[in-house]
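**Q** Sharing a model prediction with you, sequence too.
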2 protein chains.
Amino acid sequence: MKHLSLLTDFYQLTMMNGYLKNDMMEEEVVFDLFFRENPCHSGYTIVAGIEQIIDYIENLKFYEDELAYLSSLGTFGEDFIDALRNFTFKGTIHGVEEGTIMFPHEPILRVKGTCFETQLIETALLNVMNHQSLIATKAARIVTAAKGDPVFEFGLRRAQGPDAGVYGARAAVIGGCVSTSNVLAGMKFNLSVMGTQAHSWIQKFPSELEAFRAYAKAYPDECLLLVDTYNTLEAGVPNAIQVFKELRARGHEPKGIRIDSGDIAYLSKQARNMLDAAGFSKATIVASSDLDEDTITALKDQQAQIDGWGVGTNLITSKDCPALGGVYKLSAAEQKGELIPKIKISNNPEKITNPGFKNIYRIYDRKTQTAQADLITLEHEVLDESQPLTIFHPIYTWKQTTFSDYRLKKLLTPIFVEGKLVYRRRSTQEIKEKVSKELASLWPEYKRLTRPQIYKVDLSEALWQLKQNLVNENKIPPQK
Amino acid sequence: MKHLSLLTDFYQLTMMNGYLKNDMMEEEVVFDLFFRENPCHSGYTIVAGIEQIIDYIENLKFYEDELAYLSSLGTFGEDFIDALRNFTFKGTIHGVEEGTIMFPHEPILRVKGTCFETQLIETALLNVMNHQSLIATKAARIVTAAKGDPVFEFGLRRAQGPDAGVYGARAAVIGGCVSTSNVLAGMKFNLSVMGTQAHSWIQKFPSELEAFRAYAKAYPDECLLLVDTYNTLEAGVPNAIQVFKELRARGHEPKGIRIDSGDIAYLSKQARNMLDAAGFSKATIVASSDLDEDTITALKDQQAQIDGWGVGTNLITSKDCPALGGVYKLSAAEQKGELIPKIKISNNPEKITNPGFKNIYRIYDRKTQTAQADLITLEHEVLDESQPLTIFHPIYTWKQTTFSDYRLKKLLTPIFVEGKLVYRRRSTQEIKEKVSKELASLWPEYKRLTRPQIYKVDLSEALWQLKQNLVNENKIPPQK
């Protein structure tokens, strides 16, 4: 990741300078990074971007040209510019392992440090986490719809800029895609890359048959042909079969065809029959054409004969929901040397924050090894797995569940401790495997694409009580 | 722009290698980059990203680590790797000036070069152009809704990765925003940056009043206060007024307040009254809270007392339409030494391409200086402004319009000629001014936010005839 120290909102700098001017820049605070709603009507969210956040933090430093620019704005004095010049990140960041499945209101990252450093990094942390978690989650939905068929990420040309293409491809593979078309992402993250030919290849030749032959000549063992340039069933598939026969006569087995337009259900069934009748029952049919989880579900429901799905725009932009609304909220602040829990009140109960220095436990059933619920606690609370555990709904408190044969997993673990990286870095492949295990631990009801069951995220009694007390202390009169 | 030579789809490389293997890599082709539909129900699209495309082309070259990576994939032989090692872009690119308003089916870029080089650059050109043109257009819609009030770009935390934030901020300012919160974009493109304080600042202090005082102390002449942390009308505005009075007593005039939640229409009208009654009629009220062109229109319709609009997620992701569907289609190809017009046929008439080597003329009324229509012609056609000009609808050919007192502007001008940059580069400010002139030349009917009138884009008779001939030659039987 390139140098991104200025990838921040200007108000972070005005606040940092304000803390300096008020002699508060060294005071400690705690921020939680979390989201309030799963994206794309999903029942869960896959956390992605931790590796890039680590890169960002490790490269945080201000260069002279940046300081000169900030100085030129006229807002800041030399004291602030000097503070930035001498800046190194010394905070402590806990977070979940990349690839963990998370739910609304759960801290994904917990940042403890000075007012100064914790404000500086807010925007970049949100930017990276919001983007990659969104795309990983969208990819997981599309892969779920494909029911075991491979899904190929094809969206670079429609991504929102180069990074959206590159980190989006990474997130898509983490979420379950088998490959990307994006060569730069392939190199950067060791992803499998895939691609054959475009319509322009077919058009470049005097005829489709000549174009297919030229491709087969260059790639006798990787021959997958795009058959919809002129007429899929009248021209494309017959021409492909002709070239496949020629290939086989030369001792090569063809890969198959790609259909990029028209009615994929109808065309694929006809094409399948034609390929089978010609003796190419192992030739695969790949579809690509404005696909998403809904279209793939509908096409499979109509027995479309598709063996692999190339997904572009709708995946790389998460078209139906192009932003995950992650936020970064103050949960504790030093006052007179003591760290005091803080709450943000709102007329909208969903927007009231969980105060204090917290952690999260995932409760697994020991028999099935499936996740049963999550419990947000204060960090100092100790849970005893040998005792039954009763949790309750934070609003409808009479809704209670008791677990007896369970194990707990603490989700927030240290990433940086006083500025020092302590997290073991993971390859994209390892993160992808983590996601696959996480999804396997989740009941299918939570993974349903439409109206999934809502996973339980409860508060410990101590945290619940703290929250009630702070809400009452900060009670606000009704407001239109 | 960083090094992006591998920012391409893998199939571009397999095709390039295929052309090499078929001894065709030096054959000439022409591609048009265009879109088929304006984004966000807009009546027009603002072209943005030309400067970044120039950076990309100027930096095109393959480094040894990239070549080693490509080599490791097993798909390519040493001949191809050598061809990349020796690669320099020698093509000719015509395009519109950045900031030009364009319409569906009009070439924004016309790329002439070898099969090899024109395929390589397709993906990056589309990525950059699709993203920045989308955000510039979305910004122009939001600015139109704000009817002269300033619009501030605030979206970095929700952007799809760092580049989407940085280039998105650039595009937003080109489209009409007065500033961005994004410091990196501010430095990179010399954009005005803006920001004050977040809820965390208010929460950090024992009380809102103390937080406001601390901010006023640090910024006595730039004091704009966020008033919705606890209760906008019962606490935030009265506390702000208190601090404003203290400021004025010390000889400073306050800037105003920001409201970030609740009903902006109701709250802003009440807050306006309170500020006016307290003698702060010049204090401005800024709104930010999930805004877009529809909400701003509705709030203004209800006389919301807002002086400036901070727009985040919905602008930086173009939330209702997060992708512009730009494509790059072959329009001519060398066959036996001659450049032959090419067409892409489709059952969907909207998807049939315009063949041949083309340019576009914009027809302006000499009296009003407004744009009347565009005419796509073959490049060699000569139009005589002293003669009346009759244009006709390409499908309903009986729909004709004749212009007599008009002037023509040729829209495609050279950017690169045989690999050499010939375009005068523009600052973001100059591009922003270009957009403003372009929008002024467009009748309000085309700029209406809802169901705008459709701007005429016709084909010259020669181009229309060529297209008819090629459609007939390539006629395809009906297909389900």
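**A** In hand now; what should we look at? Numbers count the residues shown, from 1 in each chain, chains lettered A, B, ... in the order given.
**Q** can you tell me the helix or strand for the residue nearest the centre of chain A?
**A** Centroid-nearest residue in chain A: A:Ser133, 1.9 Å away (criterion: Cα atoms, centre = their mean). Element membership of A:Ser133, judged by DSSP states H and E, is helix A:115-145.
**Q** ok so, going back, correct me if wrong: the residue nearest to the centre of chain A contacts A:Gly325.
**A** No. A:Ser133 is beyond contact range of A:Gly325, at 10.8 Å (criterion: Cβ atoms under 8 Å). (C-beta placed from N, C-alpha, C; glycine too.)
**Q** Can you pull the residues of the stretch 251-400 of chain A lying near chain B?
**A** Within the stretch 251-400 of chain A, the positions near chain B by Cβ under 8 Å from any Cβ of the partner chain are A:261-263, A:266-267, A:313, A:317-319, A:322-326, A:328-330, A:333, A:335, A:342, A:344-347, A:351.
**Q** Which of those residues fall in strands?
**A** A:328-330, A:333, A:335 (DSSP state E).
**Q** Most widely separated two among those residues?
**A** Largest separation among those by Cβ to Cβ: A:Tyr328 and A:Gln335, giving 20.1 Å.
**Q** neighbour-wise, which of these two wins?
**A** A count of neighbours by other Cβ atoms under 10 Å in any protein chain shown puts A:Tyr328 above the other of A:Tyr328 and A:Gln335, at 22 against 14.
**Q** partner residues bridging that one?
**A** When bridges are called by DSSP bridges, A:Tyr328 pairs up with A:Leu33.
**Q** before we move on, what about the one 4 residues further on?
**A** Following DSSP bridges, A:Ala332 is listed with bridge partners A:Val30, A:Pro341.
**Q** ok, it to A:Gly95 distance?
**A** Using Cβ to Cβ, to the nearest Å, one gets 17 Å for the distance from A:Ala332 to A:Gly95.
**Q** Which of the residues of the stretch 251-400 of chain A next to chain B are buried, as a PyMOL select command?
**A** Per 16 or more other Cβ atoms under 10 Å in any protein chain shown, the buried members of these correspond to this PyMOL selection:
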select buried, chain A and resi 261+262+263+267+313+317+318+319+322+323+324+325+326+328+329+330+333+342+344+345+346
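**Q** Check the contact lists of A:Ser133 and A:Gly325 and give me the overlap.
**A** Common neighbours of A:Ser133 and A:Gly325, using Cβ atoms under 8 Å, 6 or more residues apart in numbering or on different chains, are A:Phe35.
**Q** Identify the residue nearest A:Gly155 in space, chain neighbours excluded?
**A** A:Ile316 (2.7 Å; Cβ to Cβ, 6 or more residues apart in numbering or on different chains).
**Q** Isn't that neighbour up against A:Gly161?
**A** No. Applying Cβ under 8 Å, one finds A:Ile316 not in contact with A:Gly161, separated by 10.9 Å.
**Q** More neighbours: the two, which one.
**A** A:Ile316 (31 against 27).
**Q** show me the contacts for the more buried one.
**A** Contacts of A:Ile316 by Cβ under 8 Å, 6+ apart are A:135, A:153, A:155-156, A:158-159, A:164-165, A:168-169, A:172.
**Q** quick one: which of those is most hemmed in?
**A** Of all the contacts of A:Ile316, A:Ile135 has the most neighbours under the rule other Cβ under 10 Å, reaching 36 neighbours.
**Q** Now it. Nearest residue, chain neighbours left out?
**A** What sits nearest to A:Ile135 in space, not counting adjacent residues and going by Cβ to Cβ, 6+ apart, is A:Ala171, at 3.7 Å.
**Q** So what's the residue count around the one you found?
**A** For A:Ala171, the neighbour count with other Cβ under 10 Å is 34.
**Q** Spatially nearest residue to A:Ser71 (excluding sequence neighbours)?
**A** Leaving aside its chain neighbours, A:Ser71 sits nearest to A:Ile81 (5.3 Å; criterion: Cβ to Cβ, 6+ apart).
**Q** Check which residues of the helix or strand that the one you found is a member of are buried.
**A** Using DSSP H and E, A:Ile81 maps to helix A:78-85. In terms of neighbour count (16+ other Cβ under 10 Å), helix A:78-85 has its buried residues at A:80-81, A:83-84.
**Q** Outside of it itself, list whatever touches it.
**A** With Cβ under 8 Å, 6+ apart, helix A:78-85 has contacts from A:16-17, A:20, A:25, A:62, A:67, A:70-71, A:116.
**Q** Kindly recompute the last result at 10 Å.
**A** Defining contact as Cβ atoms under 10 Å, 6 or more residues apart in numbering or on different chains, one finds that helix A:78-85 is touched by A:5, A:13-14, A:16-21, A:25, A:61-64, A:66-68, A:70-71, A:76-77, A:116, A:120.
**Q** After that helix, which helix or strand is next?
**A** strand A:92-95.
**Q** ok, the closest residue to A:Ser181 other than its chain neighbours to A:Lys217 distance?
**A** In this structure, A:Ser181 finds its nearest non-sequential neighbour in B:Asp9, 4.2 Å apart by Cβ to Cβ, 6+ apart. According to Cβ to Cβ, B:Asp9 stands 21 Å off from A:Lys217.
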